[in-house]
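In: Build me a model:
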Amino acid sequence: MRYVLYEGTGGNILFTREEFVRANPDLLTPFENKTPTITIEANDDNEAVTKFNNHMMSKVAEKK
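Out: Numbers count the residues shown, from 1 in each chain. Here you go, the predicted model:
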């Protein structure tokens, strides 16, 4: 499955399955940039969340 991350202003984020965004495009209303920041391939939600957490931790480490 494909999971997508959208990042907006003020720390807003949306991390969900790509199919959910296709089924309900209104999810992207609060976001100026309608292009995902990253796309993650995962077998299930648990694997996707683990990969998402790793991505976010690496972004924090880059800022230090």
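In: Please read off the pLDDT at residue 64 from the model.
Out: With respect to pLDDT, residue 64 scores 67.
In: what comes into contact with the lowest-mean-pLDDT helix or strand in the chain?
Out: Sorted by mean pLDDT, DSSP states H and E, the helices and strands of the chain end with helix 45-63, the least confident at a mean of 92. Helix 45-63 has contacts (Cβ atoms under 8 Å, 6 or more residues apart in numbering) with 1, 3, 5, 15, 38, 40, 42. Just so you know, the C-beta spots here come from the backbone N, C-alpha and C atoms, and that holds for glycine as well.
In: Any chance of those in TSV with neighbour count, secondary structure and pLDDT as columns?
Out: Shown next, in TSV, are the contacts of helix 45-63 (neighbours: other Cβ atoms under 10 Å; DSSP: H, G, I helix; E, B strand; the rest coil; pLDDT from 0 to 100):
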residue	neighbour count	secondary structure	pLDDT
1	13	coil	96
3	23	strand	98
5	17	strand	97
15	18	strand	97
38	15	strand	95
40	20	strand	97
42	16	coil	98
